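S.K.: coords please:
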Amino acid sequence: MNTYHLMRAIRGPLMLMALGTLMCLHRFQDISFAKTWPALLILLGVLKLAERMTMHAGTSGQA
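M.R.: Next comes the predicted model:
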């Protein structure tokens, strides 16, 4: 499995773990989910950027 497929495979589970973490913080701490949900968008953007970088890195070596 190359890096591009690995990045695509872990995107969903990482988003679910981040969502669960934010929900736990909302439930057990005084941290409102209404203020922390943008972290999910940031994580999604970082994962998509890493996915694109690995996709281009894999194709640059081929002619």
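S.K.: who are the packing partners of whichever strand or helix holds residue 41?
M.R.: Using DSSP states H and E, residue 41 sits within helix 38-60. Identification of packing neighbours for helix 38-60 by 3 or more Cβ pairs under 8 Å, 6 or more residues apart in numbering; DSSP states H and E yields helix 3-28. Just so you know, the C-beta spots here come from the backbone N, C-alpha and C atoms, and that holds for glycine as well.
S.K.: which positions within the helix it packs on qualify as buried?
M.R.: Judged by neighbour count (16 or more other Cβ atoms under 10 Å), helix 3-28 contains these buried residues: 4, 7, 11, 18, 22, 26.
S.K.: determine how far it lies from the middle of the whole chain.
M.R.: On the basis of Cα atoms, centre = their mean, to the nearest Å, helix 3-28 sits 6 Å off its chain's mean C-alpha point.
S.K.: please apply the same query to stretch 16-32.
M.R.: For stretch 16-32 - counting by Cα atoms, centre = their mean - the centre lies 16 Å from the chain centre.
S.K.: who touches that stretch?
M.R.: Residues outside stretch 16-32 that contact it (Cβ atoms under 8 Å, 6 or more residues apart in numbering) are 33, 36, 37, 39, 40, 43.
S.K.: change it to 6 Å
M.R.: Outside stretch 16-32, the residues that touch it by Cβ atoms under 6 Å, 6 or more residues apart in numbering are 33, 36, 40, 43.
S.K.: the second one - nearest residue in space that isn't next to it in sequence?
M.R.: Read that as residue 36. Taking Cβ to Cβ, 6 or more residues apart in numbering, and ignoring the residues beside it in sequence, residue 36 has residue 22 as its nearest neighbour in space, at 5.0 Å.
S.K.: just among the contacts of stretch 16-32, which is most surrounded?
M.R.: residue 43 (17 neighbours; other Cβ atoms under 10 Å).
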